[in-house]
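Peer 1: Model the following, please.
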Amino acid sequence: MLVCSALTLSTSLMRFQFMLDRYHTIGVDAELTTWNLKKHLLTPPNILVLNLSISDMFMAMKSPIFIVNSLWYGPVLGEIGCQIYGFVGGLTGTTSIMSMAILAGNRYRVISKPFDPDRKSTKIQSMVQILFIWLYALCFASLPLFGISRYVPEGYLTSCSFEYLSDNMKDRIFILIFFIGAWCVPFSLISFSYINIVSVIRRSDFKVSENVDDNIYRKKTEMKITKTIFILIGLWMIAWTPYAIVALLGISGNKEYVTPFSSMLPGVFCKLSACANPFLYALSHPGMKKEIVNIISNCCLSSSAETIHLDFIKGKTNCSSSESNSSSPSKEKADFTQDRTNKNANEIHPIKNSRIS
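Peer 2: As a prediction, this is how the structure comes out:
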């Protein structure tokens, strides 16, 4: 009974993961295609968003292995495959976390210092930030490959992650440091930045205008920004807090609360974040939405023009065929009339015809 229940839960998670992959593919494809066709959108802030998309894309590339492991009921690629799976997960997960944190910090700097000429990031600064993000993530993700902790199968043995159920003190210290560096630090930066953004916007709206419509518009804008910020913070917490809770339960000795199903859920929530990031950080941008609408409109117009052109050629061919077909009966009628005339002439002049013959 327990085995059947475990297989059912594993299959359900596999299907849900497959569904999330489809939405993630749609979002990332739309985002990357737009940036490839409209390179003027790659401003320094958007380079960080592109880095987030690339990280999420590599994170999603693990899904086929997860699905195969679910069908195989265990790690198909063995220990080496488990190490690679865990390393890619740790690297891309930490990169995504830090990318969102630095994006929040950059937004706060731009909004809090509107008259500072150096408030906006340059391309070089964005590239340095991206380099720092990947090195920061690589530092944590590579340590288990060199004996500091390790990557092991988790849950229903369909995925691999850090060893957070070990009684070894060195493994526990590593998980605790990783929790501080990959959850506490970015969460503090994200919360500080977005909460202060709301505070700056509210302070700037203290100057009440005499125009009632302006006041209503400001209030609606403030509410919209506040709602967006709470969505960003809430989604980040929903995506990455389950992993932190499970890891802390493991290293604190409360292993009885870490079941195979509960240890599999954090990975699903992380994938949920990867699916939502393209829509929240890239496709919600006004310039990006405008360019996507233009691309779709141009594609539709090109398709319509091609269809009209083909219909015109087809109609012209049909007209030519009709003309040739209509000319054939006329020719046959003329030949028939000529034969009839000759026959009548022979009947009228029999003597002349006999002399000729």
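Peer 1: Run through the protein and note the low-pLDDT ranges.
Peer 2: Low-confidence segments of the chain (pLDDT under 70): 1-32, 34-37, 205-218, 282-286, 288-289, 301-357.
Peer 1: ranges for the strands of it?
Peer 2: Counting by DSSP state E, the chain has strands at residues 151-154, 159-162.
Peer 1: and residue 221, which of those is closest to it?
Peer 2: Across the strands of the chain, residue 221 has its closest neighbour in strand 159-162 (41.6 Å, CB to CB). (C-beta placed from N, C-alpha, C; glycine too.)
Peer 1: can you list contacts of the closest one?
Peer 2: Residues outside strand 159-162 that contact it (CB atoms under 8 Å, 6 or more residues apart in numbering): 62, 66, 69, 75, 82-83, 85-86, 89-90, 144, 149-154, 174-175, 178, 247, 264, 267.
Peer 1: Name the strands paired with that strand and say parallel or antiparallel.
Peer 2: Using DSSP bridges, the strands paired with strand 159-162 are strand 151-154 (antiparallel).
Peer 1: Now mean neighbour count and distance to residue 54 too, for the strands of the chain, in JSON lines please.
Peer 2: Listed next are these as JSON lines, based on neighbours: other CB atoms under 10 Å; distance: least, CB to CB, whole Å:
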{"stretch": "strand 151-154", "mean neighbour count": "20", "distance to residue 54": "22"}
{"stretch": "strand 159-162", "mean neighbour count": "26", "distance to residue 54": "21"}
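Peer 1: Columns distance to residue 251 on top of those, output as a markdown table?
Peer 2: Shown next, in a markdown table, are the strands of the chain (distance: least, CB to CB, whole Å):
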| stretch | distance to residue 251 |
| --- | --- |
| strand 151-154 | 14 |
| strand 159-162 | 10 |
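Peer 1: if you go through the stretch 51-200 of the chain in chain order, where are the helices?
Peer 2: Along the stretch 51-200 of the chain, counting by DSSP state H, counting those that start in this stretch, helices occupy 63-72, 78-112, 123-142, 169-179, 185-204.
Peer 1: Show me what counts as buried in the first one.
Peer 2: Neighbour counts using 16 or more other CB atoms under 10 Å place 63, 65, 66, 67, 69, 70 of helix 63-72 among the buried residues.
Peer 1: before we move on, what about the third one?
Peer 2: Counting neighbours by 16+ other CB under 10 Å, one finds that the buried residues in helix 123-142 are 126, 129, 130, 133, 134, 136, 137, 140, 141.
Peer 1: swap in the last one?
Peer 2: Neighbour-count burial for helix 185-204, with 16+ other CB under 10 Å as criterion, is recorded at 186, 187, 189, 190, 191, 193, 194, 197, 201.
Peer 1: hang on, the fourth one packs against residue 107?
Peer 2: No - taking CB atoms under 8 Å as the definition, residue 190 is not a contact partner of residue 107, at 10.2 Å.
Peer 1: do you know which of the helices of the stretch 51-200 of the chain lies nearest residue 43?
Peer 2: For the helices of the stretch 51-200 of the chain, the distance to residue 43 is smallest for helix 123-142, at 8.5 Å, taking CB to CB.
Peer 1: ok, the residue nearest to residue 247 when sequence neighbours are not counted - contacts?
Peer 2: Nearest residue to residue 247, sequence neighbours excluded (CB to CB, 6 or more residues apart in numbering): residue 164, at 4.2 Å. With contact taken as CB under 8 Å, 6+ apart, residue 164 is in contact with 171, 175, 246, 247, 250, 251.
Peer 1: Tell me how many other residues surround the closest residue in space to residue 109 that isn't next to it in sequence.
Peer 2: Nearest residue to residue 109 in three dimensions, chain neighbours excluded: residue 119, at 5.6 Å (CB to CB, 6+ apart). As a burial measure, residue 119 scores 13 neighbours (other CB atoms under 10 Å).
Peer 1: which residues are contacting stretch 111-123?
Peer 2: Residues contacting stretch 111-123 (CB under 8 Å, 6+ apart): 44, 45, 47, 106, 109, 110, 129, 196, 197, 200, 201.
Peer 1: quick one, what contacts residue 92?
Peer 2: Residue 92 touches 55, 56, 58, 59, 137, counting by CB under 8 Å, 6+ apart.
Peer 1: thinking the second one is in contact with residue 95, fair?
Peer 2: Translated: residue 56. No - using CB under 8 Å, residue 56 is not in contact with residue 95, being 9.0 Å away.
Peer 1: about what we covered before: adding distance to residue 160, write the contacts of stretch 111-123 out as a markdown table.
Peer 2: Supplementary listing: the contacts of stretch 111-123 in a markdown table, determined by distance: CB to CB, whole Å:
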| residue | distance to residue 160 |
| --- | --- |
| 44 | 36 |
| 45 | 34 |
| 47 | 31 |
| 106 | 33 |
| 109 | 38 |
| 110 | 39 |
| 129 | 29 |
| 196 | 38 |
| 197 | 38 |
| 200 | 43 |
| 201 | 43 |
